[in-house]
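Chemist: prediction below, plus the sequence it came from.
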4 protein chains.
Amino acid sequence: MIEGRDMTGGPVKLRYGLVGGGPGSFIATVHRMSIAMTGAAELAAGCFSRDYEKTKATAAELGIAEDRAYRTFAEMADAEAKRPDKIDFVVIATPNNTHYEAAKAFLEKGFHVSCDKPLVFTVDQAMDLVKTARAAKREFMVTYVYTGYPMVRQAREMVKAGELGELRVVMAEYPQDWLSEKLEDTGAKQAVWRTDPKSAGASCCVGDIGTHIENMVHFVTGLEIESLAAQLDTFVEGRPLDDNAFIWLKYKGGARGNYWPSQVAIGRENGLKFRVYGTKGALEWEQENPNVLKFAPKGEPVRLLTRGNGYLGDHAKRWTRMPSGHPEGLFEAWATIYEAFCNTIRNHAAGAEQHPFEIYPTVVDGARGVKFVNDCVKSSREGAAWIDGSFSG
Amino acid sequence: MIEGRDMTGGPVKLRYGLVGGGPGSFIATVHRMSIAMTGAAELAAGCFSRDYEKTKATAAELGIAEDRAYRTFAEMADAEAKRPDKIDFVVIATPNNTHYEAAKAFLEKGFHVSCDKPLVFTVDQAMDLVKTARAAKREFMVTYVYTGYPMVRQAREMVKAGELGELRVVMAEYPQDWLSEKLEDTGAKQAVWRTDPKSAGASCCVGDIGTHIENMVHFVTGLEIESLAAQLDTFVEGRPLDDNAFIWLKYKGGARGNYWPSQVAIGRENGLKFRVYGTKGALEWEQENPNVLKFAPKGEPVRLLTRGNGYLGDHAKRWTRMPSGHPEGLFEAWATIYEAFCNTIRNHAAGAEQHPFEIYPTVVDGARGVKFVNDCVKSSREGAAWIDGSFSG
Amino acid sequence: MIEGRDMTGGPVKLRYGLVGGGPGSFIATVHRMSIAMTGAAELAAGCFSRDYEKTKATAAELGIAEDRAYRTFAEMADAEAKRPDKIDFVVIATPNNTHYEAAKAFLEKGFHVSCDKPLVFTVDQAMDLVKTARAAKREFMVTYVYTGYPMVRQAREMVKAGELGELRVVMAEYPQDWLSEKLEDTGAKQAVWRTDPKSAGASCCVGDIGTHIENMVHFVTGLEIESLAAQLDTFVEGRPLDDNAFIWLKYKGGARGNYWPSQVAIGRENGLKFRVYGTKGALEWEQENPNVLKFAPKGEPVRLLTRGNGYLGDHAKRWTRMPSGHPEGLFEAWATIYEAFCNTIRNHAAGAEQHPFEIYPTVVDGARGVKFVNDCVKSSREGAAWIDGSFSG
Amino acid sequence: MIEGRDMTGGPVKLRYGLVGGGPGSFIATVHRMSIAMTGAAELAAGCFSRDYEKTKATAAELGIAEDRAYRTFAEMADAEAKRPDKIDFVVIATPNNTHYEAAKAFLEKGFHVSCDKPLVFTVDQAMDLVKTARAAKREFMVTYVYTGYPMVRQAREMVKAGELGELRVVMAEYPQDWLSEKLEDTGAKQAVWRTDPKSAGASCCVGDIGTHIENMVHFVTGLEIESLAAQLDTFVEGRPLDDNAFIWLKYKGGARGNYWPSQVAIGRENGLKFRVYGTKGALEWEQENPNVLKFAPKGEPVRLLTRGNGYLGDHAKRWTRMPSGHPEGLFEAWATIYEAFCNTIRNHAAGAEQHPFEIYPTVVDGARGVKFVNDCVKSSREGAAWIDGSFSG
């Protein structure tokens, strides 16, 4: 850990509101618990459900004053904007189809925004949010949370420092098995909305987890996609969206990539993994064992870099909360991106520069992901043809 | 996850005070962050340091009112007892030598207590705390946190259900390497007090980590020690306490145990691990990879049980916060024992029974650990002789 | 191990000749050592080098009579055919460009043949060898040795028995790093011929190791390729053939495949691996840890099946030489395919049926591999277009 | 692999005889197959069974002339000594109780000897064989085969080179589960003789596998035992010998050791493993994954050293037969000790010095093992008392 850093879980400094998170919600709870862990913000308002009774019940349960339990996100944005004790930022933890309007509404009222991924349905919507956030000078986080792991940040630093030489091949995958049967027919909420084009958009598998691969590889390697080819498949009969995809990438500069997201890979839980091969070395990391980073320097034994050690770089150290051997997990990754987000809000409010350690995934990352999903769908519809995959945000 | 369980990180329900946790403290921060994560209690008072200026500074940083920043724990126990908004429980996160008096003072004023391990120096002190807590009808947690991992609870359920048959051999170990050099000479706070008999008691290695082995094995297997033999060694010259120990156990009923705690095992970080072999099956678990439990049923392939799956038992499910494949770490284990502790306080306050899921390590576990440390030291001084190792709490 | 099987390393029963294997040869030594291990055949003749002096020296070293050290393979085929103590089969362990003529010559003289892979350059040559072998009623092995591992045979049996349900996705890879620099410029024999189109044919990476993936997946799953798309790349400047390839497969029946052979993956040694996902379960196996097979039955914990155990099927047991936990390696896999090959020769000589356990990779497998290499090259030249990939042998 | 080394499986150079190895034998087959693999010797004579009919049948099966199929080992030693084409060495692969007399008989007739472990029952017998072999100037191998693995030899070289600094702690174990039930009651040959004091001697578990631990640690570390304490237990009712043992060691110079052999550890196959911790680094190796050696240099990431790589030392390279990533297993370890044994016999016959690479376990290692077994039994009978454990051979 780095001397003098603020990781104290100290007094609450910011206030936030929550869109989504009614009864049965999973991801909104994760947002709340990880924010609580950082001590950087406290929940002050919410529009938790489309059903106002449910919103009121959740507010009561969470200790939110009744006048800050809102019927709609629009009402919430309006009303909060007028309060002297208004929220600093809003968390949008609803299905994909509501992200665009909600985010826009809050940005326009001057709030910072944290929104689930994938950001929106279309590239136009995404670029509009980028533009709006820039114009409003507001922070906008898209919760690609896996970039919050210290060893992922270590990987990024090592690539930047040239320890892998020139990059050649990226192999990345994200196998899961939770949609290997037609779970949506049982009414399971997560499965229902993700497999429905109305709420999930043009893709299930690429949209939900393929984007995590895309974001992770971009974060770690900085590689820019030049062109891509994608083969999206649906193995579960009657499902209108993809549940498995093969994607090839040609990056600018000549490197090649191979991504495999799947929701039908029996026995696999949440297997996000990347392997990056360069001319001088290689890196390998798996989300299910996040405290370890494998590094293969050319011609030498493979090394197991583990979180919390003195030989790691400053970025990994900055976001380490427990000593080595005391496992950190996904909540800490969430806490990291939220802490960086909140610190950046405070730094900007105080007129300070953003510290180089205070990295969080932004609306530009979100827009890049939306472009990626749409490109994959397009290529697949054209018989897995190579198509332009470039993005400029 | 089990339907209807309360894991919402909801409104603060209890208030707590903190003894210890001044500048440079590590463990007190962990207590605070994990309590924050549960949402079950908020920090309201503290005696953070022997130096009152430091206590006031820490109070300011943590948002504690100045009149609740106390000079001594005794003053804090007195003053809080008189407040209408008094704390519900105290967290004692100081070196071992202050535990006894601090815990006793708060118990006698009617507060519940959460205290670091090892609990105290002598068995007499420990049994006195057991008696005092019982008389006062107060909850008393000793933070053997590793029992909070869901897969440890799964292991316990499986042993109880007889899936291993009769137990025969327990192999448990806890290798670390942080004391492989004379770190205490550099002034490193953690090393200084743990290697000093005045603050750490009669043992460094057995006291600090050997007790975790003892507690873990007892928690998982329920085995009672009948006799033990211990060989404590000091490899770093000039260190007055042990930094490596070999311990053999004969349990009641005929099983045998073999524990190895070490602080000089180069390359090892925090390797608490147990292997339990019975007549029908075996279990293996490692703290550094806590989401997996290996189960070997006799004559069948080894099975990798992983946290978050439907095939697990109720105890593991009850304390699971993330779906399978989304790693939980040590903070969540802390959150679990604190959530169970707080729920038990509230249940008892409401006249309810303790729910069978609301398991946390108690003052009796703490006393058992103190007995174990003292027995190991005694056996080693007698040439690693077998001595009575039984405990009745 | 199965009762009554013959694995005694007993008296030599067959005689063989060797083409290739002069000084500095690696693979011919492996052929010889593994045959010696089985005790099923002894070396009796050879044409070890294009340089007759070297051939004679090698013959002397290996204890081969001078009159059976031949100048050319043609001379050897002729001369041996006339001897009463003639060889039973020939081993062809030379670069790819000599396989066709040598194999044809020996077949036509009535010898059984064992030949390295890839079999030949063109599909026409391959199909001609298939036809010739069938007409001559000779056994013809192509040394896809990795199919000799017991746990690979276990995987095959499990797929056949339906334990995975209907297959959906196959992920297979074979990363190496030995060609990540321009090793051929150093004169290293293996690198020189494999990167030279004259000796290696149209592909380096797909030809050398991509074919192993193709053969392994076909062996284990029985899936037939319907169409494929391939992207072959050369990362080392100035190398005329591919050193990395991405290949997608559509199999008959709807399953999808994804193969990745690479010779530039720093830190990877010989990482042949397959993962097969079906509707009911999944299998995973890695060549570098060949005694373990991971099996994930839907909704249950992952199981680690290990070689030598009673719960395995008959095929795995038949080819197990050491008890469980006593590692078998690649030599044993070689011994297995040679023992099956020799047993089949003897069974046929005795008029017996081929036993179902006596499986070895045949000339048809070799031809399928040649078709696969040529298809991959063709698709890549057409911009990774989907092309017909079917084979009928 | 080292340039110019002889690993060709070339012409047979020595002849050997076999005592043991009748129908149903396991270990004798392993001796024969591994010798065949080296090409260094051929089987020429045998006394395969106490039942002469069985001996003759085995001789026929193995292609041994009938006049070299002997009724007793004494007859064999006599008769072979008189032949011009006599055997060079004898392999003794019978239960422990016949080793002494058989070995002595062959030594006295001038034969080199290879004998299974544990060598004999008593230290007196062992020292007598040491003396006899020295007097006769014969090579005498005791087949502690696990020292034949290249990565074990790498470990030894690293310890010798001081890469671990001063040694502090050795943790070694050998868990198996094959005797977790009363297998001997089923008539299983291996179980019957190993659990019977008449054929196995004073110990089952320590004698069969504890000695492998002792030998391995001595081979790798060179540490000499000063004193030891042992607790031998029998978990399977009615078994007259131990099936689990805990052993502590004090080595000369101050290091400490902890050995655990077990035959009742459900789910464990053949888990020989050592971990050696010094002041500068640590090593870890497991027999079930023998191609990898973990090295932890102080303060740096753990490194995975793998067989076949250029960064390894000369001893590991000398005994490597396959390139990296092409797994070698236990047969190759057998082949290594036999090749070194045969080479030494030939070197000595030619008046040459023993090459430093030609290491095999000798009769002195065998005697050290016998002393160890007897010391463990003695300590355990005295209540696990510390007793003198020193050996001078």
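Modeler: Happy to help now that I have it.
Chemist: contacts only, for the closest residue to A:Pro150 other than its chain neighbours.
Modeler: Sequence neighbours aside, A:Ala316 is the residue nearest to A:Pro150 in space, at 4.3 Å (criterion: CB to CB, 6 or more residues apart in numbering or on different chains). All C-beta spots, glycine's among them, are computed from the backbone N, C-alpha and C. By CB atoms under 8 Å, 6 or more residues apart in numbering or on different chains, A:Ala316 lies in contact with A:150-151, A:153-154, A:157, A:307.
Chemist: with A:Cys342 instead?
Modeler: Neighbours of A:Cys342 in contact, by CB under 8 Å, 6+ apart: A:13-14, A:38, A:40-41, A:89.
Chemist: narrow these to those that are buried.
Modeler: A:13-14, A:38, A:40-41, A:89 (16 or more other CB atoms under 10 Å in any protein chain shown).
Chemist: okay, those residues in TSV with distance to chain B next?
Modeler: Shown next, in TSV, are the buried ones among the contacts of A:Cys342 (distance: CB to the nearest CB, whole Å):
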residue	distance to chain B
A:Lys13	9
A:Leu14	13
A:Thr38	8
A:Ala40	11
A:Ala41	12
A:Phe89	18
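Chemist: that's a helix at A:Lys56, yeah?
Modeler: Yes: counting by DSSP: H, G, I helix; E, B strand; the rest coil, A:Lys56 is found in a helix.
Chemist: any low-confidence regions in chain A?
Modeler: A:1-12 (pLDDT under 70).
Chemist: go again using 80 as the cut-off
Modeler: For chain A, applying pLDDT under 80 flags the ranges A:1-12, A:23-24, A:353-354, A:393.
Chemist: up against chain C, what does it have?
Modeler: By CB under 8 Å from any CB of the partner chain, the residues of chain A that approach chain C are A:168-169, A:171, A:173, A:177, A:180, A:229, A:231, A:233, A:235, A:244, A:246, A:248, A:256, A:258, A:260, A:262, A:264-268, A:275, A:277-282, A:294, A:296-298, A:302, A:383-384, A:386.
Chemist: residues from the stretch 151-300 of chain A in reach of chain D?
Modeler: A:295, A:299-300.
Chemist: what about the residues you listed, which one has the most neighbours?
Modeler: A:Phe295 (22 neighbours; other CB atoms under 10 Å in any protein chain shown).
Chemist: what's near enough to touch that residue?
Modeler: A:158, A:163, A:281-283, A:302-303, A:305, D:301.
Chemist: in a strand, it, correct?
Modeler: Yes: with three-state DSSP as the criterion, A:Phe295 is part of a strand.
Chemist: so what's it closest to, chain neighbours aside?
Modeler: Once flanking residues are discounted, A:Phe295 sits nearest to A:Arg303: 4.7 Å by CB to CB, 6+ apart.
Chemist: and the helices in the stretch 151-300 of chain A?
Modeler: In the stretch 151-300 of chain A, helices defined by DSSP state H, counting those that start in this stretch lie at A:189-194, A:197-200, A:205, A:211-221, listed in chain order.
Chemist: just say which of the ones you listed is most tucked in.
Modeler: Most buried of these, by mean neighbour count (mean count of other CB atoms under 10 Å in any protein chain shown): helix A:205, with a mean of 27.
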